[in-house]
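Asker: Need coordinates for the below:
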Amino acid sequence: MSAARAEREPHTWSWPFRCSGCGAAWPAGGFPYRCQTCSGLYDFARPLPAAVLQSPGEIGRGLACFKRSLPLPPETDLISLGEGGTPLVACDLQGRAIHLKCEHLNPTGSFKDRGSAVLVSALAAMGVEAAVEDSSGNAGASFAAYAARAGIRARVFVPDYASGPKRAQIERYGAEVVRVLGPRSAASQAVRRAAEAGAIYASHAYLPHGLAGMATIAFELVAQLGRAPGAVVMPVGQGTLLLGVYRGFQALRQAGAIERLPRMVGVQARACAPLWAVHTAGAAGLGWVQEGRTIAEGIRIRQPLRGDQVLQAIEASRGTVVAVDEEQIHEGHQALARKGFFVEPTSAVIWPALEALLADDVQPVVAVLTGVGYKAL
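Answerer: Modelled structure (predicted):
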């Protein structure tokens, strides 16, 4: 650990979070992953402030140019690896122009870096020296990288089926990898046991910090397009990407920077599609849901923690949830590669969903590519 890291004192800044269940404020000390009163999820106590960029060129500075919108003490250094500022590339789909937001080009190869930069910066501000996380791969690799940057010891619980390149990436950053047999939910149960034993659980799903990082995608899209998109299409597992992007557009509308919210379109693998099931059939749809095997391993989440909020965001934006089959994911994966975009199968779920949305007249349409293809070789 560096001398600067060792001499850092924890901040006493008041974090802008409250429990979404009982309304209790985030405590002044410690770093709880859920409410200590009712076990509810923490969320923002007030809307995110918008960051309106003056020119598209500003996004080259990455998350640093959105510092005032992030839930961090004002004097805190952002733990950064150069995340954000990703390209927006036009692409033809059956004669129609779409735009692909290349989040797979972030430092560790996934969109998770935006959330990790904020969360790990918060951990460092509180003087945390060691923390645990659980992940199917991308969030764990991202957390491990930013923890290494901050001098924080990381331990990451992963399901045994997580791809070899992702596990190797986590280990190469110096984090301890704990492989857990069984479905993705088994890794979540194992990490919570570690938290109950006293570990700091730096959860990208439970904690709200990462939502602010995802909101910066909305800020960048408006700067790059010169207006709000008509629709944004994203893979959805826990749904923090969609929820964070939605919050970003909400902040921009409240600031008067855009007039209308884009339609939020979430895409799930049919093998594990709880949000699609509820969106389609209400609560009764949960009876259909299985944690089935899918090549889109990054969105294999049977019980998304903020599922109700994600569905509310989709409804409020006049959006929808689409479920796609394994064959469609394979075909989308190949189609994107032939367009020059080498992404992992989880990202490829957006392609068949885009094809299904071609009849809609919303313009422009943006799809988010979430993870690089090298992670799933």
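Asker: Which residue ranges of the stretch 101-250 of the chain form helices?
Answerer: Using DSSP state H, counting those that start in this stretch, the helices of the stretch 101-250 of the chain run over 112-125, 138-150, 164-172, 184-196, 209-225, 240-254.
Asker: Please tabulate these in JSON lines, including the columns mean neighbour count.
Answerer: The C-beta positions use only the backbone N, C-alpha and C, and glycine is treated the same way. As requested, those are exported to JSON lines (neighbours: other Cβ atoms under 10 Å):
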{"stretch": "helix 112-125", "mean neighbour count": "28"}
{"stretch": "helix 138-150", "mean neighbour count": "28"}
{"stretch": "helix 164-172", "mean neighbour count": "18"}
{"stretch": "helix 184-196", "mean neighbour count": "18"}
{"stretch": "helix 209-225", "mean neighbour count": "25"}
{"stretch": "helix 240-254", "mean neighbour count": "24"}
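Asker: want to throw these into a markdown table with mean pLDDT?
Answerer: Shown next, in a markdown table, are the helices of the stretch 101-250 of the chain (pLDDT from 0 to 100):
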| stretch | mean pLDDT |
| --- | --- |
| helix 112-125 | 97 |
| helix 138-150 | 97 |
| helix 164-172 | 94 |
| helix 184-196 | 95 |
| helix 209-225 | 96 |
| helix 240-254 | 97 |
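Asker: for residue 97, which residues make a bridge with it?
Answerer: residue 92 (DSSP bridges).
Asker: Could you give the number of residues near it?
Answerer: 11 (other Cβ atoms under 10 Å).
Asker: what's the answer for residue 94, then?
Answerer: 8.
Asker: same deal with the one 10 residues further on?
Answerer: By other Cβ under 10 Å, 24 other residues sit near residue 104.
Asker: Same question for the one 5 residues further on.
Answerer: For residue 109, the tally of surrounding residues (other Cβ under 10 Å) stands at 26.
Asker: For residue 64, see how far away the residue lying closest to it once chain neighbours are set aside is.
Answerer: Distance criterion Cβ to Cβ, 6 or more residues apart in numbering; nearest residue to residue 109, sequence neighbours excluded, is residue 372 at 3.8 Å. Distance of residue 372 to residue 64, computed by Cβ to Cβ, to the nearest Å: 23 Å.
Asker: try residue 71
Answerer: Following Cβ to Cβ, the distance that separates residue 71 from residue 64 is 15 Å.
Asker: ditto for residue 196
Answerer: For residue 196 relative to residue 64 (Cβ to Cβ), the value is 36 Å.
Asker: can you give me the strands for the stretch 1-150 of the chain?
Answerer: 17-19, 42-44, 88-93, 96-102, 130-134 (DSSP state E, counting those that start in this stretch).
Asker: any idea of the angle the third one forms with helix 209-225?
Answerer: Going back to what we said before, that points to strand 88-93. 70 degrees (axes from the mean of the first three to the mean of the last three Cα atoms, to 10 degrees).
Asker: same thing with the last one?
Answerer: The directions of strand 130-134 and helix 209-225 differ by 70 degrees, with the same axes, to 10 degrees as the criterion.
Asker: Return the set of buried residues in strand 130-134.
Answerer: Across strand 130-134, burial judged by 16 or more other Cβ atoms under 10 Å covers 131-134.
Asker: Which one's more surrounded, residue 372 and residue 64?
Answerer: Higher neighbour count among residue 372 and residue 64: residue 372, with 22 against 16, using other Cβ under 10 Å.
Asker: Could you pull up the residues touching that one?
Answerer: Going by Cβ atoms under 8 Å, 6 or more residues apart in numbering, residue 372 touches 104-105, 109-110, 342-344.
Asker: any weak-confidence spans in the chain?
Answerer: 1-13, 54-56 (pLDDT under 70).
Asker: any idea which residue sits dead centre in it?
Answerer: A centroid search over the chain (Cα atoms, centre = their mean) returns residue 241, at 3.8 Å, as the residue closest to the centre.
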